[in-house]
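Novice: What follows is a predicted protein model with its sequence.
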Amino acid sequence: MNKQTQKDQSFDQIAEKFDRNIYGTSKGKLRHELLLHHLSKHLPVSPLKVLDAGGGTGVMTQSMLELGHQVLLNDVSEDALTLAKDKLSSAGDVRFHCGPIVSLPETEQFDLVICHAVLEWLSEPFDTVDHLLKLVAPGGCLSLSFFNRDAHLFSNLIYGNFDYIKKDFIVPNRVRLNPNNSLYPAEVIGYFEKAGWDVFHKAGIRCFHDYVRDKSLQQSHYEELKASELAYGDKHPYLWLGRYFHLLARPVTG
């Protein structure tokens with residue numbers, strides 16, 4: 001496992017900047033739309049009991065509520081949840097929990113547990129994965145996305161950031177909105193399989209968008225890039241190049 005010395009990241013004091021810088025860009029918009037696409041392909045239409053673990057300002061929670069699901073939104077940042085409450089006050093059946101994911105009680109389980117773009121901010125991500133598995137109800141599933149270490153290496157190689165790679169992606173003055181702890185997809189998949197879970201869906205998120213040489217295309221040709229992501233993002237070899245990796249997993253029965 002990729003051990004880091006950083007503490008878990010909270011976005012208190014910068015929640016509004018986080019919301020604007022992530023979801024106000026083509027990167028955040030595309031990531032969200034691709035995750036919704038993959039979820040819609042594999043999940044039942046009927047209302048589900050959903051946990052959005054580490055859901056921040058509630059972007060995914062809002063989408064789940066619009067689909068008629070009941071949602072518990074968790075985040076460690078009080079500031080992020082304040083923004084979420086303002087957005088979601090009349091959006092549907094939603095509850096809020098402030099604290100680390102591992103503080104969620106195991107006595108309540110969910111048809112769908114969502115944990116998107118959270119593990120890379122944690123010092124011990126697999127401890128959180130272990131807890132998430134306990135929160136999935138029988139017959140339910142876990143939707144997990146995380147910063148892809150293979151793609152992180154690939155992108156920095158093609159950008160020529162050789163010194164950064166030699167330092168194992170650790171810099172003395174880390175930007176708070178840059179992920180701390182990328183993970184290898186093969187390692188995460190192996191972890192689920194060892195735990196007796198079936199990874200029944202795999203996809204790369206932003207397999208092409210982040211690599212275009214002319215960055216203005218990310219805006220001017222957004223729909224064309226999105227169409228390419230939808231066409232190839234869950235297919236070999238492209239899925240392994242996504243800046244984020246997405247999987248859906250459920251416990252093996254029988």
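Specialist: Sure thing, it's come through. Numbering: from 1, shown residues only.
Novice: so where do the strands sit in the stretch 101-250 of the chain?
Specialist: Secondary structure of the stretch 101-250 of the chain, counting by DSSP state E, counting those that start in this stretch: strands at 110-116, 136-147, 197-205, 244-251.
Novice: need the ones you listed in a markdown table with mean pLDDT, can you?
Specialist: Rendered in a markdown table, the data for these read as follows (pLDDT from 0 to 100):
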| stretch | mean pLDDT |
| --- | --- |
| strand 110-116 | 98 |
| strand 136-147 | 97 |
| strand 197-205 | 98 |
| strand 244-251 | 98 |
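Novice: Looking at these, spot the one closest to Phe154.
Specialist: Taking CB to CB as the criterion, strand 197-205 is the member of those that comes nearest to Phe154, at 11.3 Å. Where you see a C-beta, it was placed from the backbone N, CA and C, and this is true even at glycine.
Novice: buried residues in the closest one?
Specialist: Burial within strand 197-205, assessed by neighbour count using 16 or more other CB atoms under 10 Å, is assigned to Trp197, Val199, His201, Lys202, Ala203, Gly204, Ile205.
Novice: isn't the last one right up against Phe146?
Specialist: The reference is to Ile205. No. The pair Ile205 / Phe146 is not scored as a contact, 9.7 Å apart, by CB atoms under 8 Å.
Novice: Give the intersection of the neighbour lists for those two.
Specialist: For the pair Ile205 and Phe146, residues contacting each of them under the criterion CB atoms under 8 Å, 6 or more residues apart in numbering are Tyr244, Phe245.
Novice: Poorly predicted segments of the protein, please.
Specialist: Counting by pLDDT under 70, the ranges of the chain that qualify are 1-7, 9-23, 171-178, 254.
Novice: Adding distance to Pro100, write the strands of the stretch 101-250 of the chain out as CSV.
Specialist: What follows is those, written out as CSV (distance: least, CB to CB, whole Å):
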stretch, distance to Pro100
strand 110-116, 12
strand 136-147, 17
strand 197-205, 22
strand 244-251, 21
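Novice: how about the nearest residue to Leu83, chain neighbours excluded?
Specialist: Sequence neighbours aside, Thr57 is the residue nearest to Leu83 in space, at 4.5 Å (criterion: CB to CB, 6 or more residues apart in numbering).
Novice: Quick one: neighbours of the one you found, just the number.
Specialist: Close neighbours of Thr57, defined as other CB atoms under 10 Å, add up to 28.
Novice: Over to Gln109?
Specialist: Gln109: 15 surrounding residues under other CB under 10 Å.
Novice: do the same with Ser90
Specialist: The tally of other residues near Ser90 (other CB under 10 Å) stands at 6.
Novice: what does Ala186 give?
Specialist: Using other CB under 10 Å, the number of residues around Ala186 comes to 12.
Novice: re the thing from before, which stretch among the strands of the stretch 101-250 of the chain comes nearest Ile101?
Specialist: If we rank these by CB to CB, the stretch that ends up nearest is strand 110-116, at 7.2 Å.
Novice: partners of the closest one, with directions?
Specialist: Each strand paired with strand 110-116, and its direction, by DSSP bridges: strand 49-53 (parallel), strand 136-147 (parallel).
Novice: Mind giving me the packing neighbours of the very next helix or strand once past the first one?
Specialist: Scanning forward in sequence from strand 49-53, with DSSP states H and E defining helices and strands, the next element found is helix 59-66. Secondary-structure packing of helix 59-66 (3 or more CB pairs under 8 Å, 6 or more residues apart in numbering; DSSP states H and E): helix 26-42, strand 49-53, strand 70-75, helix 78-88, strand 110-116.
Novice: repeat that with 6 Å
Specialist: strand 49-53, strand 70-75 (3 or more CB pairs under 6 Å, 6 or more residues apart in numbering; DSSP states H and E).
Novice: Go through these and name the closest to Pro138.
Specialist: Using CB to CB, the nearest of the helices and strands packed on helix 59-66 to Pro138 is strand 49-53, at 12.4 Å.
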